[in-house]
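Trainee: Model the following, please.
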Amino acid sequence: MDDQNKNLILATALSFIVILVWFVLFPPPEPDPSLDVSSPELTAPVDGTATVPSAPADGFTQPADAVAATDMETSADAPRIDIETPRLSGSISLLGGRIDDLNLSDYRVTLAEDSPVVTLLQPVGSASAYYALYGWAPGAGIDPASVPGPNTEWKQVSGGTLGVDTPIRLEWSNDSGQTFAREIAVDADYMFTVTQSVTNASDATVSMAPYGLIARHGMPPDLKNFFILHEGVVAMADGELSEVNWDDIPDFEFDPRQGARAETTAVEQNGWIGFTDHYWMSTLIPEPGSAFRQVIKYDERRDIFQTEAVLPTRTIAPGASTSVTTQLFAGAKEWETIRAYQEAGVEGFIDSIDWGWFFFLTKPIFWLLHELNKLIGNMGWSIIGLTLIIKAILFPLAYKSYVSMAKMKELQPQMEALKEAAGDDRQKMQQGMMELYKKEKVNPAAGCLPILLQIPIFFSLYKVIFVTIELRHAPFFGPFRDLSAPDPTTFLNLFGLLPIAAPEPGSIMALIFIGILPLLLGISMWVQQKLNPAPTDPTQQMIFAWMPWVFMFMLGGFASGLVVYWIANNTITFTQQYLIMRSQGYKPDLLGNIKSGFKKRAKTENK
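Mentor: Coordinates of the predicted model:
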């Protein structure tokens, strides 16, 4: 076995093993139940409410005992204020002033024309309640009934429907001389601005602390539970990102001060906290420069998950007033939108998108893909354009590799002579080959590097395609209407000609009846192999013969955008290798190698 074939087999086998291990340990996720209009009804949530904080003397709030489940009233019959913007629709309940009904107008659940838009927030009493609450936690000596709670009915005093240029104002007064106001505004994308104020018209000084919280009843019904994707709590505290998976939150230690299983983080200046799903997110963002406490809670009795942003206690003298502004992001995790908010002052907000371990690759890869899509207008062609650029960047290394491979071909007769002269003396043969490589300035390991470099790029692109919302429902052409999903074509629907759904991704049928893209992938790998004659060693022959088709079936269940990349990569690699080898005086006999492969197979079958 010559060194060139050894290196090629080593690099190819390593790629195969890495992808095989990845495929076995972390298979493509189950289909999103929310994308199936025939999915069963969701389980109704447990009644109850989020834990409402109270304010001690240390300057920050601590939670009071959890409000009893029967104390949380549903808001179905409460007065509501409509929300209507170009990208959002829904309503705010005057019961507690809850932001608990929100739809994302730009996104639909499925690709069907009659599919409903995505619902992000839902009120208590509906399936999987998910809402945001704001308030003032009472300080020492303050009657909890004198501050607005989750069941306080607010009064709208200005504004009509909440829109981009039409904020609303809510008010509520207690019997002790304090008037509470809440102004809510929303921008053209997904950011709410909530300004809470208190005016003290009494003769006594009062103390209370502002807070905002997001509560979810139970885990999300469309939870992916896939290793490559983070779902759960995402938070930033003074430049340090933290991510807590859903499964880890119930394992927190019970904190008697919080009245629940909880974890608290002090933020000195800048931070945010919230819940993130695959494509959607809700996040509490105090004003930049504000100190606050991030709290993650889990009430196991009522199965309620909660994130809080709790600000320092305010002391309000008689005749004085105070106010605090907090933002609430509730929407899609669009890279361009989130980046704009980061540039406007939300520190590290772009990291709310799960870039993964290879963030130093995934971020620039996505940026380039995004910019290409803005120019081209088609994400499939943008992936092909991205592949061209990546191959151009790696071309100097590829050039050296292919030049080395061409020279190795030229040295083949001398290498055979060395083997014959050395006989069974392997050490003598190795020394002779090393002297030959040194004399001819050939690096036998150069052929491995381009293949090895493709592995982190492959995984990074897979991360980008799977995680980012820009690939969700992104069409290519014809039947390929969602590049984040597996190839929808199959032999069973005549490769997209018949209106028959492909087998369920991950099933045995889907593994067997693969689509057009995996077939093209296998063919492209097979043709690329034929640039070189088949190795004489029977074991090598078998590995080379089976590898394209094994990869074809393995990658058939991956996102079609990733398979498009791999096909484009193989095609460009083949072209580069062919032209470079021709420029070095070696003419690959492509047709001859293909014919010889069939002849050998025919001889084997005849035997």
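
Trainee: Can you give me every residue that contacts the residue nearest the centre of the chain?
Mentor: The chain has Val467 as the residue nearest its centroid, 2.5 Å off, counting by C-alpha atoms, centre = their mean. Val467 makes contact with Ile228, Leu229, His278, Ile353, Asp354, Trp355, Gly356, according to C-beta atoms under 8 Å, 6 or more residues apart in numbering. C-beta: built from backbone N, CA, C; applies to glycine.

Trainee: got the end-to-end distance for stretch 551-565?
Mentor: 14 Å (C-alpha to C-alpha, to the nearest Å).

Trainee: got it, and stretch 479-486?
Mentor: Stretch 479-486 has an end-to-end distance of 11 Å (C-alpha to C-alpha).

Trainee: Rounded mean pLDDT for that stretch, please.
Mentor: Mean pLDDT, computed over stretch 479-486, is 90.

Trainee: just stretch 111-126 next, same as before
Mentor: 92.

Trainee: and if you look at stretch 591-599?
Mentor: Taken as a whole, stretch 591-599 has an average pLDDT of 67.

Trainee: one step back: from the contacts of Val467, which is closest to Leu284?
Mentor: Using C-beta to C-beta, Ile353 comes nearest to Leu284 of these, at 17.6 Å.

Trainee: Out of the contacts of Val467, flag the one nearest to Asp189.
Mentor: Using C-beta to C-beta, the contacts of Val467 come closest to Asp189 at Ile353, 15.2 Å.

Trainee: how far does stretch 474-492 sit from the chain's center?
Mentor: Here stretch 474-492 is found 20 Å from its chain centre; the criterion is C-alpha atoms, centre = their mean, to the nearest Å.

Trainee: Give me the buried positions along that stretch.
Mentor: 474, 476, 479-480, 482-490, 492 (16 or more other C-beta atoms under 10 Å).

Trainee: okay but Arg108 is in contact with Thr119, surely?
Mentor: No: with contact defined as C-beta atoms under 8 Å, Arg108 does not count as touching Thr119 (10.9 Å).

Trainee: Which one's more surrounded, the two?
Mentor: Thr119 (19 against 16; other C-beta atoms under 10 Å).

Trainee: who's in contact with the more buried one?
Mentor: If you count contacts by C-beta under 8 Å, 6+ apart, Thr119 has them with Leu102, Asn103, Leu104.

Trainee: is the second one in a bridge, and if so with what?
Mentor: Which is Asn103. Beta-bridge pairing for Asn103 (DSSP bridges): Ser89, Thr119.

Trainee: For it, give its distance to Asp238.
Mentor: Distance, Asn103 to Asp238, using C-beta to C-beta, to the nearest Å: 34 Å.

Trainee: Quick check on the two: which one has the bigger neighbour count.
Mentor: Neighbours per residue, other C-beta under 10 Å: of Asn103 and Asp238, the larger number sits with Asn103, 18 against 14.

Trainee: Count the neighbours of the nearest residue to Glu347 once chain neighbours are set aside for me.
Mentor: Nearest non-adjacent residue to Glu347, counting by C-beta to C-beta, 6 or more residues apart in numbering: Asn270, 4.3 Å away. Residues near Asn270, counting by other C-beta under 10 Å, number 21.

Trainee: Leu328: neighbour count?
Mentor: By other C-beta under 10 Å, neighbour count at Leu328 equals 24.

Trainee: In which helix or strand does it reside?
Mentor: Taking DSSP states H and E as the definition, Leu328 sits inside strand 321-332.

Trainee: Tell me the helix or strand right after that strand.
Mentor: Counting by DSSP H and E, what follows strand 321-332 is helix 335-343.

Trainee: elements contacting that next one?
Mentor: helix 359-376 (3 or more C-beta pairs under 8 Å, 6 or more residues apart in numbering; DSSP states H and E).

Trainee: what's the helix it packs on in contact with?
Mentor: 335-336, 355-356, 379, 382-383, 385-386, 389, 456-457, 460-461, 463-464, 468, 470.

Trainee: distance of Lys595 from Asn570?
Mentor: Taking C-beta to C-beta, one finds Lys595 at 21 Å from Asn570.

Trainee: Arg261: neighbour count?
Mentor: 17.

Trainee: Now do whichever strand or helix holds it: everything it contacts.
Mentor: For Arg261, the host element (DSSP H and E) is strand 260-267. For strand 260-267, the external contacting residues (C-beta under 8 Å, 6+ apart) are 51, 63, 66, 235, 237-238, 242, 244, 249-255, 258, 286, 291-300, 306.

Trainee: List the buried residues in that strand.
Mentor: Ala260, Arg261, Ala262, Glu263, Thr264, Thr265, Val267.

Trainee: need those in TSV with pLDDT and distance to Met581, can you?
Mentor: Shown next, in TSV, are the buried residues of strand 260-267 (pLDDT from 0 to 100; distance: C-beta to C-beta, whole Å):
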residue	pLDDT	distance to Met581
Ala260	92	67
Arg261	94	63
Ala262	94	64
Glu263	95	59
Thr264	95	63
Thr265	95	58
Val267	96	59
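
Trainee: Tell me which strands the strand holding Leu328 pairs with, and in which orientation.
Mentor: Sheet pairing here is set by DSSP bridges, and for strand 321-332 it gives strand 191-200 (antiparallel), strand 280-286 (antiparallel).

Trainee: Taking their axis directions, it and helix 335-343 sit at what angle?
Mentor: Put simply, strand 321-332 runs at 160 degrees to helix 335-343, going by axes from the mean of the first three to the mean of the last three C-alpha atoms, to 10 degrees.

Trainee: average model confidence for strand 321-332?
Mentor: 97.

Trainee: Please apply the same query to stretch 86-94.
Mentor: So the average pLDDT for stretch 86-94 ends up being 97.

Trainee: Can I get stretch 92-101 in CSV, CA atoms only?
Mentor: C-alpha atoms of stretch 92-101 as CSV (Å, rounded to 0.1, in the frame of the first residue of the first chain):
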residue,chain,number,x,y,z
ILE,A,92,-52.7,42.6,27.0
SER,A,93,-55.0,41.6,29.8
LEU,A,94,-55.9,44.4,32.3
LEU,A,95,-56.1,41.7,34.9
GLY,A,96,-52.6,42.0,36.3
GLY,A,97,-51.5,44.0,33.2
ARG,A,98,-50.2,40.7,31.8
ILE,A,99,-48.6,40.6,28.4
ASP,A,100,-49.9,37.1,27.7
ASP,A,101,-51.3,36.9,24.2
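
Trainee: Run through who's touching it.
Mentor: The contact list for stretch 92-101 (C-beta under 8 Å, 6+ apart) reads 73, 75, 78-81, 83, 90-91, 121-124, 129-134, 148-156, 162, 168, 170, 182, 184, 192, 328, 330.

Trainee: Identify the residues contacting Ala215.
Mentor: Thr49, Ala50, Ala129, Tyr130, Tyr131, Ala132, Leu133, Ile304, Phe305, Gln306.

Trainee: most neighbours, which of those residues?
Mentor: Ala50 leads these on contacts (other C-beta under 10 Å) with 31 neighbours.

Trainee: quick one on the thing from earlier: could you dump the contacts of Thr119 into TSV and include distance to Leu590 and pLDDT?
Mentor: Listed next are the contacts of Thr119 as TSV, based on distance: C-beta to C-beta, whole Å; pLDDT from 0 to 100:
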residue	distance to Leu590	pLDDT
Leu102	58	98
Asn103	56	98
Leu104	51	98
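
Trainee: ok, Trp546 - contacts?
Mentor: Applying C-beta under 8 Å, 6+ apart, no residues qualify as near Trp546.

Trainee: now do Val164
Mentor: For Val164, the contacting residues are Thr85, Pro86, Val186, Asp187, Ala188, by C-beta under 8 Å, 6+ apart.

Trainee: hmm, 7 Å instead?
Mentor: Thr85, Val186, Asp187, Ala188 (C-beta atoms under 7 Å, 6 or more residues apart in numbering).
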